[in-house]
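Quick one, fold the following:
(chains A and B)
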Amino acid sequence: MNQKYKITILISILILIILALLVGPSGFPSAEIFFNIRLPRVLAGLIIGGALASSGSIMQGVLRNPLAEPYILGASSGALLGMIVSISLGIPYASVFYYLIIFLFSFFATILAYFISRGTGTTNIINLILAGVIVNIFVGAIILIFFFLSAKENFSVISFMMGQVSEKTFPVIITCAIIFILGFVPGLILSKQTDILMLGDKKATELGVNTEKVRIIMLLSSALMTSASVVLGGLIGFVGLIIPHIVRMFVGPLQRNVLVGSLFSGAVFLVLVDAFSRTILSTREIPVGIITALIGAPFFVWVLTRKRDYYL
Amino acid sequence: MINLKNISYKISGKEILQNIFIHTKNGDILGIAGQNGSGKTTLLNASSGFLKNHEGEVLIDGKNIKIYNTKQLALKISYLPAEIYLPYDFTVNQIVLMGRNPHIKAWQDYNKKDFKEVEKAFTVLNISHLKNRVVNNLSSGEKQKVFIAQALCKGSKILLLDEPTSHLDIKNQVEIFKILKTLATKQKITCVIVSHDINLLSKYCHKIAILKEGKLLTIGTPKEVVTEDNIKKAYQIKTEIFTSEKNKPQICIK
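Next up is the predicted model:
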């Protein structure tokens, strides 16, 4: 891609983000609405999208699997369980503990999957993915029990499952941004090692990479970013899966390029989709998770069915 | 220089390797043959340091392999597994450059010297034209050359290869062995090659070892090892041995 092309893309993205800041059900915002509703929402959208796409790119690299995504080791069901626990304990929505519990459950679900897979001695990727599936199924069953036992429909849980960038306060957003950065930086530093990890453990060891160490750091980094996104936006599918693939088509498979590319495109993508989801119907908002899945699935089919020898 | 001293290895009571002694000199080409499941790959895994809980000692340049950390060992030994799965479309250039990883710190970028070494490796293996191709789209022969280039670029003096010619046609098989021979003579790289092709091993190796059920059946020069008797013991098949013009024994199935 030449310079002119890049600048055009950059400027159009900026214009789109500014537009996203301005649109909403109440039309052109007053200063109050802008600072209390639109701005935090766009900021949250940037963090959610960037975090999901970055974390997805790391999972796809470390697990050596193109179908991996941020939720594959159980972060999503962990978060959901955390939310249900908070509700059951009667913790008020939007208190610090409410978010903290969601974050911790989401984070530790991923770590739990890692330690289950360690049970066999050394981690093998298939065991790791299977452990994630097991964590997801088990926690899923607990969540269903909750639904089954609670008499009334719990709309906040359902909306959490569909993913929604609803209004968050600045302290929550800033905390999540810090957690996100804590996850992103090690992921970026170790991206060269992650590339080598994609050759398999035997080859990576032979090339001087401490495979266990790099893997656990990268999983922690991914878990931190995913949990931050879940706290802010609930479960939003497909961003973490497709964005890294699209980026890879443009910049090639080197992890550093994919990670940085995913950060920016994920962030912009989610803000735009969110702007779309809150303006397309004048009466109510469509959960953003539904739209990302609707756009993502057909696109992914297209990605999967093409083969190429050179990058774009 | 790599020496194996009394290597044994068990998995849940089953002896995979038993009391293996192997001695090599710098620039040696050692061939390892034997039936499927006779322990050849396990032996390579032990020699490369990937397998840790075996008995006995692996000596690299006279020192126990366990005193080296991952990075130091990477500089000593290169290992080419039989098959490498690449989930994404890395180019030849990117893969060969990974060979320079043990020379730099985790957070550092590859520098001019690294790129120079990559170019050198490309020239030695004559694959400069493949530089920007995607490794997953290459033929098996080309792929082998790419990974040999990676090992070369790393600069280690011991090269372990697990069935490097198993998917290749005759021309490519010979080509790979010729490359290894050149590396051994010119750069004094010790090559350990696991292969099922005894004729090729006999033609190019200084020494051949044959494994049978985890034990070293025999080791020596091709002339000493490739005999009707040994082949019968190792593979339970009858063969005739011919001697080529260069005085290398070649087997023919009866």
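
dump the residue contacts of the residue with the largest distance to the centre of chain A.
Within chain A, A:Glu206 marks the point farthest from the mean C-alpha position, 32.2 Å out by CA atoms, centre = their mean. Shown in contact with A:Glu206 (CB atoms under 8 Å, 6 or more residues apart in numbering or on different chains): B:Ser48, B:Phe50, B:Ala74, B:Ile77, B:Ser78, B:Tyr79. To be clear about C-beta, it is placed using only N, CA and C from the backbone, and glycine gets the same treatment.

Give the helix, strand or coil label for the last one.
Three-state secondary structure (criterion: DSSP: H, G, I helix; E, B strand; the rest coil) places B:Tyr79 in strand.

can you tell me which residues contact it?
Contact partners of B:Tyr79, counting by CB under 8 Å, 6+ apart, are A:Lys202, A:Lys203, A:Glu206, B:Leu44, B:Ser48, B:Phe50, B:Leu160, B:Leu161, B:Asp162.

Out of the residues you listed, name the ones that lie in strands.
When DSSP state E defines the strands, the subset of the contacts of B:Tyr79 inside them is B:Leu160, B:Leu161, B:Asp162.

mind giving me JSON lines with these and columns for neighbour count?
Formatted as JSON lines, the entries for these read as follows, by neighbours: other CB atoms under 10 Å in any protein chain shown:
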{"residue": "B:Leu160", "neighbour count": "27"}
{"residue": "B:Leu161", "neighbour count": "24"}
{"residue": "B:Asp162", "neighbour count": "22"}
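
nearest to chain A, of those residues?
Sorting the ones in strands among the contacts of B:Tyr79 by how near they are to chain A, with CB to the nearest CB, puts B:Leu160 at the top with 8.7 Å.

export stretch A:244-263 as CSV, just CAs?
Extracted C-alpha coordinates of stretch A:244-263, given in CSV (Å, rounded to 0.1, in the frame of the first residue of the first chain):
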residue,chain,number,x,y,z
PRO,A,244,-7.0,-10.5,13.2
HIS,A,245,-7.7,-12.5,10.0
ILE,A,246,-8.5,-9.4,8.0
VAL,A,247,-5.4,-7.7,9.3
ARG,A,248,-3.3,-10.7,8.5
MET,A,249,-4.5,-10.5,4.9
PHE,A,250,-3.1,-7.0,4.6
VAL,A,251,0.1,-7.2,6.7
GLY,A,252,1.1,-10.8,6.7
PRO,A,253,1.4,-13.2,9.6
LEU,A,254,4.1,-11.5,11.7
GLN,A,255,2.5,-11.2,15.2
ARG,A,256,3.7,-7.7,15.9
ASN,A,257,2.0,-6.3,12.7
VAL,A,258,-1.1,-8.4,13.3
LEU,A,259,-1.3,-7.3,17.0
VAL,A,260,-0.9,-3.6,16.3
GLY,A,261,-3.1,-3.8,13.2
SER,A,262,-5.8,-5.6,15.2
LEU,A,263,-5.7,-3.0,18.0
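
and that stretch, average pLDDT?
Taken as a whole, stretch A:244-263 has a mean pLDDT of 91.

Are that stretch and chain B in contact anywhere?
Yes. Stretch A:244-263 reaches chain B (CB under 8 Å from any CB of the partner chain) through A:Arg248, A:Gly252, A:Pro253, A:Leu254.

and the residues you listed as JSON lines, adding neighbour count, distance to A:Leu263 and secondary structure?
Converted to JSON lines, the residues of stretch A:244-263 next to chain B look like this (neighbours: other CB atoms under 10 Å in any protein chain shown; distance: CB to CB, whole Å; DSSP: H, G, I helix; E, B strand; the rest coil):
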{"residue": "A:Arg248", "neighbour count": "23", "distance to A:Leu263": "14", "secondary structure": "helix"}
{"residue": "A:Gly252", "neighbour count": "19", "distance to A:Leu263": "16", "secondary structure": "coil"}
{"residue": "A:Pro253", "neighbour count": "23", "distance to A:Leu263": "16", "secondary structure": "coil"}
{"residue": "A:Leu254", "neighbour count": "19", "distance to A:Leu263": "15", "secondary structure": "coil"}
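
can you map out the helices along the stretch 201-312 of chain A?
Assignment of helices within the stretch 201-312 of chain A using DSSP state H, counting those that start in this stretch yields the ranges A:201-206, A:211-233, A:239-251, A:255-279, A:288-304.

who wins for proximity to B:Asn6 among these?
With CB to CB as the criterion, B:Asn6 lies closest to helix A:201-206 of the helices of the stretch 201-312 of chain A, at 23.7 Å.

What residues of the closest one count as buried?
A:Asp201, A:Lys202, A:Lys203, A:Ala204, A:Thr205, A:Glu206 (16 or more other CB atoms under 10 Å in any protein chain shown).

what ranges do the strands span in the stretch 101-250 of chain B?
B:158-162, B:190-194, B:207-212, B:215-220, B:239-243, B:249-253 (DSSP state E, counting those that start in this stretch).

Next, format those as TSV and append distance to A:Phe35 and mean pLDDT.
Formatted as TSV, those follow (distance: least, CB to CB, whole Å; pLDDT from 0 to 100):
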stretch	distance to A:Phe35	mean pLDDT
strand B:158-162	63	94
strand B:190-194	68	95
strand B:207-212	74	94
strand B:215-220	78	93
strand B:239-243	86	91
strand B:249-253	84	91
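
Redo those as JSON lines? Include distance to chain A.
Putting these into JSON lines (distance: least, CB to the nearest CB, whole Å) gives the following:
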{"stretch": "strand B:158-162", "distance to chain A": "9"}
{"stretch": "strand B:190-194", "distance to chain A": "13"}
{"stretch": "strand B:207-212", "distance to chain A": "20"}
{"stretch": "strand B:215-220", "distance to chain A": "23"}
{"stretch": "strand B:239-243", "distance to chain A": "34"}
{"stretch": "strand B:249-253", "distance to chain A": "31"}
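
For residue 18, pull up the helix or strand it's in.
Because you didn't say which chain, this covers chain A. Assigned by DSSP states H and E, A:Ile18 belongs to helix A:3-22.

right idea, wrong chain: chain B
Following DSSP H and E, the helix or strand that holds B:Gln18 is strand B:14-23.

Against which helices or strands is that strand packed?
Under the contact criterion of 3 or more CB pairs under 8 Å, 6 or more residues apart in numbering or on different chains; DSSP states H and E, strand B:14-23 touches strand B:2-11, helix B:40-48, strand B:215-220.

ok, 10 Å please
Applying 3 or more CB pairs under 10 Å, 6 or more residues apart in numbering or on different chains; DSSP states H and E, we find strand B:14-23 packed against strand B:2-11, strand B:29-34, helix B:40-48, strand B:55-60, strand B:207-212, strand B:215-220.

centre of the chain versus the second one, how much separation?
In other words, strand B:29-34. Relative to the chain's own centre, strand B:29-34 is displaced by 9 Å; criterion: CA atoms, centre = their mean, to the nearest Å.

Then the first one?
The chain centre lies 17 Å from the centre of strand B:2-11; the measure is CA atoms, centre = their mean.

in that strand, what's buried?
When burial is assessed from 16+ other CB under 10 Å, strand B:2-11 yields the following buried residues: B:Ile2, B:Asn3, B:Leu4, B:Ile7, B:Ser8, B:Tyr9.

For chain B, list the residue farthest from the centre, please.
Of all residues in chain B, B:Trp107 sits farthest from the chain's C-alpha centroid, using CA atoms, centre = their mean; the distance is 30.3 Å.

Return the residues in contact with the residue nearest to that one when sequence neighbours are not counted.
Leaving out its chain neighbours, the residue that sits closest to B:Trp107 by CB to CB, 6 or more residues apart in numbering or on different chains is A:Ile189, at 5.1 Å. For A:Ile189, the residues meeting the contact criterion (CB atoms under 10 Å, 6 or more residues apart in numbering or on different chains) are A:Ile217, A:Ser221, A:Arg256, B:Ala106, B:Trp107.
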